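Chemist: Got a sequence here, can you model it:
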Amino acid sequence: MPPHLNILAPAPDNMKAFIKKIAPAPLFTLYYLVWAYLGAALYRFPSNKLFVIAVTGTKGKSTTVELLQAILKEAGHKTAAASTIRFTIAGESERNLFKMTMPGRMFLQSFLRKAVTARCTHAVIEMTSEGAKQFRHKGIALNALVFLNLQPEHLESHGGMEQYAAAKLLLAKQLEESSKHPRYIVANADDSYGAKFLAAEVEHKVPFSLKNAEPYNTDDKSVRFVWKGQLITVPLPGLFNLQNILAALTLADAMGIPFEASKRALERIEPIAGRAERVNKGQNFTVIVDYAHTPDSLKALYETFKGSRIIALLGSTGGGRDKWKRPLMGNIAEQYADAVFLANEDPYDEDPQTILNEIAKGLTKQKPFIILDRRAAIREALREAKPGDAVLITGKGTDPYIMGANGYKEEWSDKKVVEEELDNLLNSKS
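Modeler: Numbers count the residues shown, from 1 in each chain. From the prediction side, this is the model:
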């Protein structure tokens, strides 16, 4: 394990589960707050010594964290970053194995202290509504917040769309309350909730919009656009990535980072792990591993590859939650794909067969292949592919485990499994 990243993992859930059983809701709220501020104090308020950027939204957060970190590094800054994909400090990287974007119980404070010790100047942190609801952002002094978009997700957990938005807006409030100056809010003006974030009382309110990139062109390999009279080509696919790029570019510009540094960083960006990531073992068709687990993100990915014959493999991440989206995701897959495979993702304590059957209800014109075993489903989807096809494997991305009943978890990597099955397929044909 890299020395800078030897961070305290979140404490076991035993104490949390016990308190949740016996304590009223206000006391449990106090529990979260105590851990947040205790961590900040224990690690000597490390965020005060860093330029801290928070990134939030329903989709695109991890990619935007990677883009911002690349720009900051190109501009000469020593950086740290925490996201669903990984944790990095001063160039050293470790996978996020916690199965959560914002680990609690002092983790972020420990991470930021490690960043300070490594002499980092900037930290970019992916922040979620669930994390905000549990006050994991408290005790972190923000310099900037980037809002990307808001689409239906976690509705059962939050109680509805407006409650979901309110949890996200807690992060804007945290920026307002920061003692740092100047403070920056960057928000997607094309999103219906963008104006609420831009209403934050901070020194710099900076909207971004696809209009800022006109004329632009996107395909399944790159995006090309004009920004302030300059042509930029970024080797990331799809319109959704153009929005992420604009968010990062807009903040960098507001911070005074030279355009030339931002352009170099964006045009040299490496593929983002588990985010429309290509897996190539020499096959004559495209294979993509992507985290898409909401109807909107699934549709955006399929739109990007609609020039190919699509073979879709999906499930419904998170048993016991957001059940409303299951038939909708099945319907979206049917609209774009010539063959649909439904496979297990993270059933938790729910019957995985029930989950897949509910997704299948959304397909009315074709019969999906329902294969619970995810590896077997991947194998069959790859066998189905013909030259020029696109096999789009969604829902897991870089997720390190498949979560089952009673806390069971199976180590997992979509990319690794795809590589192994592609090798087997190609060897069988040689």
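
Chemist: Got the phi and psi for Q353?
Modeler: phi -70, psi -40 (degrees, to the nearest 10).

Chemist: Mind pulling the model confidence for it?
Modeler: Listed pLDDT for Q353 reads 96.

Chemist: from what I can see it touches A360, true?
Modeler: No - Q353 lies out of contact with A360 (C-beta atoms under 8 Å); the separation is 10.3 Å. Just so you know, the C-beta spots here come from the backbone N, C-alpha and C atoms, and that holds for glycine as well.

Chemist: Between those two, which is the more surrounded one?
Modeler: A360 (19 against 12; other C-beta atoms under 10 Å).

Chemist: mind checking how far the spatially closest residue to the more buried one that is not a sequence neighbour is from G318?
Modeler: Counting by C-beta to C-beta, 6 or more residues apart in numbering, P368 is the residue found nearest to A360 once chain neighbours are left out, at 5.4 Å. Noted for P368: a distance of 20 Å to G318, by C-beta to C-beta, to the nearest Å.

Chemist: now the end-to-end length of stretch 353-366.
Modeler: This stretch, stretch 353-366, spans 19 Å end to end (C-alpha to C-alpha, to the nearest Å).

Chemist: Now that stretch: buried residues?
Modeler: For stretch 353-366, burial by neighbour count (16 or more other C-beta atoms under 10 Å) applies to 355-356, 358-360, 362-363.

Chemist: Also stretch 379-398?
Modeler: So, applying 16+ other C-beta under 10 Å, buried residues of stretch 379-398: 379-382, 384-385, 389-398.

Chemist: cool, and stretch 86-105?
Modeler: Those would be 86-90, 96, 98, 101-105, for stretch 86-105 by 16+ other C-beta under 10 Å.

Chemist: Stretch 186-205 now?
Modeler: Residues of stretch 186-205 classed as buried under the neighbour-count rule (16+ other C-beta under 10 Å) are 186-188, 191, 193-194, 196-198, 200, 202, 205.

Chemist: Return the member of those residues nearest to G282.
Modeler: N188 (38.8 Å; C-beta to C-beta).

Chemist: Would you enumerate the residues in contact with the residue lying closest to that closest one once chain neighbours are set aside?
Modeler: Nearest residue to N188, sequence neighbours excluded (C-beta to C-beta, 6+ apart): G194, at 4.8 Å. For G194, the contact set (C-beta atoms under 8 Å, 6 or more residues apart in numbering) comprises 147, 187-188, 207.

Chemist: what separates stretch 302-316 from the chain centre, distance-wise?
Modeler: 19 Å (C-alpha atoms, centre = their mean, to the nearest Å).

Chemist: mean confidence score for it?
Modeler: Here the average pLDDT along stretch 302-316 is 96.

Chemist: Give the helix, strand or coil label for A54.
Modeler: strand (DSSP: H, G, I helix; E, B strand; the rest coil).

Chemist: Tell me who's in contact with it.
Modeler: Counting by C-beta under 8 Å, 6+ apart, A54 has contacts 125-127, 137, 140, 142, 144-146, 171, 174-175.
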